[in-house]
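Trainee: The following comprises the amino acid sequence and a computationally predicted model.
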Amino acid sequence: MDKAKQKRLEQKGWKIGNVSEFLNLTPDEATYIELKLALSRRVRARREHQRLTQLQLAQLLRSSQSRVAKIEAGDASVSLDLLVRSLMALGASRKELAQVIAGKA
């Protein structure tokens, strides 16, 4: 948001903040969510790069297409374990996983 718009909104009584402030997240909670989202984005990118459908990835994982859709959407019900296993099934190396976790990829 540009500064002029932000100033106009604040003058009208609106409070400008970020998601962490709005949801009252601790720094650890915000980091956890960002990690899950980064892993989810990488799953989708790897799947698309390999030209696989969600159904084909689901078959690799012995899961369902709807579960893969939840993985890629960053659904709260998806565990870190499933995200990591999905990336490994798509051929991600330990180094690539470390880069995603470190926020460098």
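Mentor: Perfect, I can see it now. Numbers count the residues shown, from 1 in each chain.
Trainee: Next, find the distance separating Glu75 from Lys36.
Mentor: One thing to correct before we go on: residue 75 is Asp, not Glu. The gap separating Asp75 from Lys36 is 9 Å, by CB to CB, to the nearest Å. Placement of C-beta: from N, CA and C, glycine included.
Trainee: what about these two, which has more around it?
Mentor: Lys36 (18 against 13; other CB atoms under 10 Å).
Trainee: wait, doesn't the more buried one sit right on Ser79?
Mentor: No - counting by CB atoms under 8 Å, Lys36 does not reach Ser79; the two are 9.0 Å apart.
Trainee: looking at the chain, which helix or strand is least sure?
Mentor: Sorting the helices and strands of the chain by mean pLDDT, DSSP states H and E puts helix 19-23 at the bottom, at a mean of 82.
Trainee: So which other helices or strands are in contact with that helix?
Mentor: For helix 19-23, the packing partners by 3 or more CB pairs under 8 Å, 6 or more residues apart in numbering; DSSP states H and E come out as helix 27-49.
Trainee: Run through who's touching the helix it packs on.
Mentor: 19-20, 25, 54, 57, 68, 71-74, 78, 80, 83-84, 86-87, 90-92, 96, 100-101, 103, 105 (CB atoms under 8 Å, 6 or more residues apart in numbering).
Trainee: taking the mean pLDDT, what do you get for that helix?
Mentor: What helix 27-49 shows for mean pLDDT is 95.
Trainee: buried stuff in that helix?
Mentor: Buried positions in helix 27-49, judged by neighbour count with 16 or more other CB atoms under 10 Å: Ile33, Leu35, Lys36, Ala38, Leu39, Ser40, Arg42, Val43, Arg44, Arg46, Arg47.
Trainee: How far off centre is it?
Mentor: 3 Å (CA atoms, centre = their mean, to the nearest Å).
Trainee: next one: stretch 91-105
Mentor: 14 Å.
Trainee: Can you name the residues in contact with that stretch?
Mentor: Glu34, Leu35, Ala38, Leu39, Arg42, Arg46, Gln50, Val84, Leu87, Met88.
Trainee: mind redoing it with 10 Å?
Mentor: Contacts to stretch 91-105, defined as CB atoms under 10 Å, 6 or more residues apart in numbering, come from residues 31, 34-35, 38-39, 41-43, 45-46, 49-50, 80, 83-84, 86-88, 90.
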